[in-house]
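S.K.: how would this look folded up:
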Amino acid sequence: MANYTIDPAILMSFLPAHTELDQWNGEYYVSLVGFMFDKVRIKGMSVPFHRRFPEINLRFYVKYKEAGQWKRGVVFIREIVPRPAITWVANTIYKENYATHKMKNNSVVSNEMITVTYQWKKKKWNRIEVVANNVPAPLKEGSKEEFITEHFWGYAKRTAIQTVEYHVEHPRWDIYSITNYIIECDFEKVYGQPFAFLNNKQPASVFMAEGSPVKIYEKIEL
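M.R.: Here you go, the predicted model:
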């Protein structure tokens, strides 16, 4: 997870109805996230050749008040996967912004270090790679890492006045500290002109999360 501070004005046109931008210590963030889906099931059924695949996404953070309580969630600018059937399901059912591109993934694990690489091609190959200490640590209360990982709702902009909401359930993740990272991404070509400034911006933080079983519930419309 590579996390960048951003001017909140850039995000307003992407903000789903009924939600507000969320912030940590007065700063707003977008995150470039690479992760691996594994043992995927849809309504309890697995689909051949679609049980394991990588994804890259660019996301930002929002909140939605319901019955006086805040729900903290994420909005995806774009999610990239290697198979068109995944894109069709996600865009049709959850009204997300998936796209299909060629992808590569690699991981090397030793007793001391973990190296993980995600690559995706849009005209040219893009890459995010981290080298992490192979010693997981629990999330600290009130930390930036907790803010980034502890969002349990997804929101998608359906129309100017309609929003799709879905609940995401997973245990609290441990994280790994990073000793080195490489980010080679043409943000403008992949995610559009509003994010071109990220081409020349250093992330405020980079870390790796352990991951876990995840359950995504049925969507509702707000």
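S.K.: span of stretch 128-148 from start to end?
M.R.: 18 Å (Cα to Cα, to the nearest Å).
S.K.: what does stretch 113-132 give?
M.R.: In stretch 113-132, first residue to last residue: 6 Å (Cα to Cα).
S.K.: buried residues in that stretch?
M.R.: For stretch 113-132, the buried set under the neighbour-count rule, 16 or more other Cβ atoms under 10 Å, comprises Ile114, Val116, Thr117, Tyr118, Gln119, Trp120, Asn126, Ile128, Glu129, Val130, Val131, Ala132. Yep, even glycine has a C-beta here, placed from its N, CA and C like the rest.
S.K.: closest to Leu222 among those residues?
M.R.: The closest of the buried residues of stretch 113-132 to Leu222 turns out to be Trp120 (Cβ to Cβ; 31.0 Å).
S.K.: need the buried residues of stretch 113-132 in JSON lines with distance to Ile148, can you?
M.R.: JSON lines is the format used below for those (distance: Cβ to Cβ, whole Å):
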{"residue": "Ile114", "distance to Ile148": "19"}
{"residue": "Val116", "distance to Ile148": "17"}
{"residue": "Thr117", "distance to Ile148": "20"}
{"residue": "Tyr118", "distance to Ile148": "17"}
{"residue": "Gln119", "distance to Ile148": "22"}
{"residue": "Trp120", "distance to Ile148": "21"}
{"residue": "Asn126", "distance to Ile148": "21"}
{"residue": "Ile128", "distance to Ile148": "15"}
{"residue": "Glu129", "distance to Ile148": "19"}
{"residue": "Val130", "distance to Ile148": "14"}
{"residue": "Val131", "distance to Ile148": "19"}
{"residue": "Ala132", "distance to Ile148": "15"}
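S.K.: tell me which of the residues you listed is nearest to Ser177?
M.R.: Closest to Ser177, out of all of the buried residues of stretch 113-132 and judged by Cβ to Cβ, is Ala132, at 6.5 Å.
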